[in-house]
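J.: Kindly return the folded structure for what I paste below:
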Amino acid sequence: MELLVVITIIVILAALTMGGLSFMQRNQAVQKAKAQIGMLSTGLEEYKLDFGRYPVANDTGATGDQGSNVLYTALYWDSDNNGAGVGNDVKQRIYLAELDPSSNKQGWSSDPVASTQNTIRDPWGQNYRYRSGVNATGAVNNDCINPDFDLWSFGPDAMSGNAAGTDNQAQDNITNWK
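T.: Take a look at the predicted model:
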């Protein structure tokens, strides 16, 4: 009987430990996503200082990956948009060296080789979403929540929800507008 009580206590303690570890891992991933969004925002601000505008991407982020690819291209691969790519262009500026897929310190590159097809991944393996405040013609992008740009991750559940964040699917989204 005593052995059964000891085993029960050990099982309960193990369950509590596993639950706590899961919570800590989720919290760590959320904090990492917030830090990455901050880093990407800083890179975008530096890009704007050089070019007088943010990179143009009007991806709503619901299904497409255009926004993440635009971010990668502007902040790492080909900031001056001349097609030469990083390493082949002396005028190229790298705004966020952490996007280098060969070092991949943040674990957020979709491909181990630098290319125009790369996207930036959040801690859950989904593409970050980016939408600029103006469209390609220079008109205001009415889908954009911020006047400059929107940058977000769908969070642990990888579900978009509504932009206002008032439904259950959007409650765990990590954004630059909350």
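J.: what residue ranges in the protein score low on pLDDT?
T.: Within the chain, the segments meeting pLDDT under 70 span 58-66, 105-106, 114, 116, 161-170.
J.: And the strands in it?
T.: 129-132, 149-153, 174-175 (DSSP state E).
J.: okay if I get those strands as TSV plus mean neighbour count and distance to residue 16?
T.: The C-beta positions use only the backbone N, C-alpha and C, and glycine is treated the same way. TSV is the format used below for those (neighbours: other CB atoms under 10 Å; distance: least, CB to CB, whole Å):
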stretch	mean neighbour count	distance to residue 16
strand 129-132	25	36
strand 149-153	25	29
strand 174-175	21	27
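J.: Which neighbouring elements make contact with the longest helix anywhere in the chain?
T.: Longest helix of the chain, by residue count under DSSP state H: helix 2-51. When contacts are defined as 3 or more CB pairs under 8 Å, 6 or more residues apart in numbering; DSSP states H and E, helix 2-51 sits against strand 149-153, strand 174-175.
J.: please redo it, this time with the cut-off set to 10 Å
T.: helix 66-72, strand 129-132, strand 149-153, strand 174-175 (3 or more CB pairs under 10 Å, 6 or more residues apart in numbering; DSSP states H and E).
J.: Quick check: the gap between the residue nearest to the spatial centre of the chain and residue 70.
T.: With distances taken as CA atoms, centre = their mean, residue 128 lies nearest the centre of the chain, 3.4 Å away. Distance, residue 128 to residue 70, by CB to CB, to the nearest Å: 11 Å.
J.: what separates residue 43 from residue 94, distance-wise?
T.: On the measure of CB to CB, residue 43 and residue 94 end up 9 Å apart.
J.: Same question for residue 54.
T.: According to CB to CB, residue 54 and residue 94 sit 17 Å apart.
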